[in-house]
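Participant: Mind looking at a prediction? Sequence and model below.
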Amino acid sequence: MLEVSIEKSMGKFKLQSSFKVQKGVLGILGSSGCGKSMTLKCLSGLYNPDSGYINLNGNTLFSDNQKINVQPHKRNIGYVFQNYALFPHLTVIQNIAYGIKDYEHNLRDKMVSEMISRMELLGLENNYPSQLSGGQQQRTALARTLIKRPNLLLLDEPFSAIDSHIKSLLEKELITIIKNNFNGIVLLVTHNVEECYRLCDQIMIMDSGQKIQFGTKEEIIQSPSSVTAARITGCKNFLDVTVLEENSEFLLLKSNDLIFKSAIVKQHCSKNMIACIRAHHLNLLPIETNVDNAFDCNILEITDSLFSTTLVLNCKSCILEIEVSKSSPAYELTQRSNNLKLHIPPEHVVLVEKNNN
Ligand SMILES: Nc1ncnc2c1ncn2[C@@H]1O[C@H](COP(=O)(O)OP(=O)(O)OP(=O)(O)O)[C@@H](O)[C@H]1O
């Protein structure tokens, strides 16, 4: 179990990080400069927090109250940096052995050769980092870290230096390696929501040095708690709405000339809220369709991607972005007409408080 409650000021920036993880992979998601890497650096001991505490599996690594500050190399925390930070003048085998250089040499050789074969680095033992592919460098960096059997593994944007076409292969590989070789807690820093969803069990969203939401990945994606959390998790549509009616089945909402339904929500609802709707949850239907919660709209802009199309629509004076797969019937419709019906699934409308940004 990892328990963190720390504060750290650096220039104008203030980090106030507090969270608890029992097990599994925690994704730390947030835009550039929100304090993700600083959180990892405080955990690893590279930075000293100004105040607070860090407890890992019952051991206090940092506490300003108790005047405890365990040195970085005694924390048993593995840290894989964005660029892997391999020693360029050492071979694969020497980089991996570096992590356990104080071990008795027979034991060290045995552990290194086991790690080389587990990480599928056989045949590359004597290569220098410059002679390795991105994926091989990543596996070497992981091997160097995991060989020390850390209690906590910190991964800072492990795929940022990798081409997108091999990224998905490496993601799968990384998760298999971690699941098969490591049973401690993993913290994965990323600003890519899809990567975060694929790899993590829980997600913490950060903004301006603070945690703004923490939960399982399903909770975070289905129920963002604020406009910022929704935006960071990829939501594109935010409508200022007035709640016209609230009954046991639905809420009736108004934004400009659009009056639409959302499914009932558990939380208290104010009169004025923000409705967050993800672009891929909206649907397009033929103009003559007559179904509940579907409204006339016209296409203002089309951005064509490889497998999907993003459309900007005007629907009753509300501007909405919708993403349709090129293999969907909705895409066919966009090829034939500019005037369509926009269906808003009530269960996919998330309401957040207006002042809760
Ligand atoms: N050594 C430092 N001195 C002063 N300010 C710093 C220092 N290191 C980081 N900062 C500031 O602290 C803030 C958080 O930085 P951090 O590296 O944690 O961001 P991040 O969320 O990891 O961003 P990115 O996704 O771009 O890596 C930034 O505003 C940064 O400018």
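Facilitator: Cool, the structure landed.

Participant: For the ligand, see how far away Met204 is.
Facilitator: Met204 sits 12 Å away from the ligand, going by C-beta to the nearest ligand atom, to the nearest Å. C-beta here means a position set from N, CA and C on the backbone, and glycine is covered the same way.

Participant: Can you pull out the low-pLDDT segments for the stretch 151-300 of the chain?
Facilitator: Counting by pLDDT under 70, the stretch 151-300 of the chain has low-confidence residues at 160-167, 169-170, 266-267.

Participant: in it, which spans are helices?
Facilitator: 164-181, 193-199, 217-222, 227-232 (DSSP state H, counting those that start in this stretch).

Participant: who touches the residue nearest the centre of the chain in this structure?
Facilitator: Note on the chain: the residue nearest the mean C-alpha position is Cys196, at 3.4 Å, using C-alpha atoms, centre = their mean. Going by C-beta atoms under 8 Å, 6 or more residues apart in numbering, Cys196 touches 27, 29, 188, 190, 203, 217.

Participant: run the last query once more with 6 Å
Facilitator: Counting by C-beta atoms under 6 Å, 6 or more residues apart in numbering, Cys196 makes contact with 27, 29, 190, 203.

Participant: Just the ones in strands from these, please.
Facilitator: 27, 29, 190, 203 (DSSP state E).

Participant: Tabulate those residues (TSV), appending distance to Ser317.
Facilitator: Output for the ones in strands among the contacts of Cys196, formatted as TSV (distance: C-beta to C-beta, whole Å):
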residue	distance to Ser317
Gly27	37
Leu29	33
Thr190	37
Ile203	35
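
Participant: Return the member of those nearest to the ligand.
Facilitator: Minimum distance to the ligand across those is 8.5 Å, recorded for Thr190 (C-beta to the nearest ligand atom).

Participant: what about the closest one, neighbour count?
Facilitator: Neighbour count for Thr190, taken as other C-beta atoms under 10 Å: 23.

Participant: if I read this right, Gly78 contacts Pro150, doesn't it?
Facilitator: Yes - contact status for Gly78 versus Pro150: in contact at 3.6 Å, counting by C-beta atoms under 6 Å.

Participant: Just say helix, strand or coil for Leu86.
Facilitator: Taking DSSP: H, G, I helix; E, B strand; the rest coil as the rule, one finds Leu86 in the coil state.

Participant: Next, it: phi, psi?
Facilitator: Here is the backbone geometry of Leu86 (degrees, to the nearest 10): phi -70, psi 150.

Participant: so who does the residue nearest to it when sequence neighbours are not counted touch?
Facilitator: Setting aside the residues directly before and after it, Leu86 is nearest to Pro129 in space (C-beta to C-beta, 6 or more residues apart in numbering), at 4.2 Å. By C-beta under 6 Å, 6+ apart, Pro129 lies in contact with 86, 88, 137.

Participant: What subset of those residues is buried?
Facilitator: 86, 137 (16 or more other C-beta atoms under 10 Å).

Participant: Any chance of the contacts of Pro129 in JSON lines with distance to the ligand and pLDDT as columns?
Facilitator: Output for the contacts of Pro129, formatted as JSON lines (distance: C-beta to the nearest ligand atom, whole Å; pLDDT from 0 to 100):
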{"residue": "Leu86", "distance to the ligand": "20", "pLDDT": "90"}
{"residue": "Pro88", "distance to the ligand": "23", "pLDDT": "93"}
{"residue": "Gln137", "distance to the ligand": "19", "pLDDT": "88"}
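
Participant: ok, which residues in the stretch 51-200 of the chain are in contact with the ligand?
Facilitator: Within reach of the ligand by C-beta under 6 Å from any ligand atom, the stretch 51-200 of the chain has these residues: His191.

Participant: Swap in 8 Å and give it another go.
Facilitator: The stretch 51-200 of the chain comes close to the ligand at residues 82, 156-157, 189, 191, as judged by C-beta under 8 Å from any ligand atom.

Participant: residue ranges of the strands in the stretch 201-350 of the chain, please?
Facilitator: For the stretch 201-350 of the chain, the strands defined by DSSP state E, counting those that start in this stretch occupy 202-207, 210-216, 237-246, 250-255, 258-263, 272-277, 283-285, 294-304, 308-315, 318-325, 339-343, 350-353.

Participant: what residues does stretch 39-48 touch?
Facilitator: So stretch 39-48 is contacted by 6, 8, 17, 49, 72, 75, 77, 79, 154, 156 (C-beta under 6 Å, 6+ apart).

Participant: Just list the residues touching the first one, thanks.
Facilitator: By that I understand Ile6. Contacts of Ile6 by C-beta under 6 Å, 6+ apart are 17, 42, 49, 52.

Participant: hmm, 10 Å instead?
Facilitator: 15-18, 38-39, 42-43, 47-54, 62, 64 (C-beta atoms under 10 Å, 6 or more residues apart in numbering).

Participant: likewise Ser17?
Facilitator: By C-beta under 10 Å, 6+ apart, Ser17 lies in contact with 4-8, 28, 35-36, 38-39, 42-43, 49, 52, 54, 204, 206, 209-211.

Participant: cool, and Asp207?
Facilitator: Asp207 touches 29-31, 34-35, 213, 226, 228-229, 231-232, 357, counting by C-beta under 10 Å, 6+ apart.

Participant: secondary structure class for the residue lying farthest from the centre of the chain?
Facilitator: Distance to the chain centre peaks in the chain at Asn106, reaching 41.1 Å (criterion: C-alpha atoms, centre = their mean). Classification of Asn106 using three-state DSSP returns helix.
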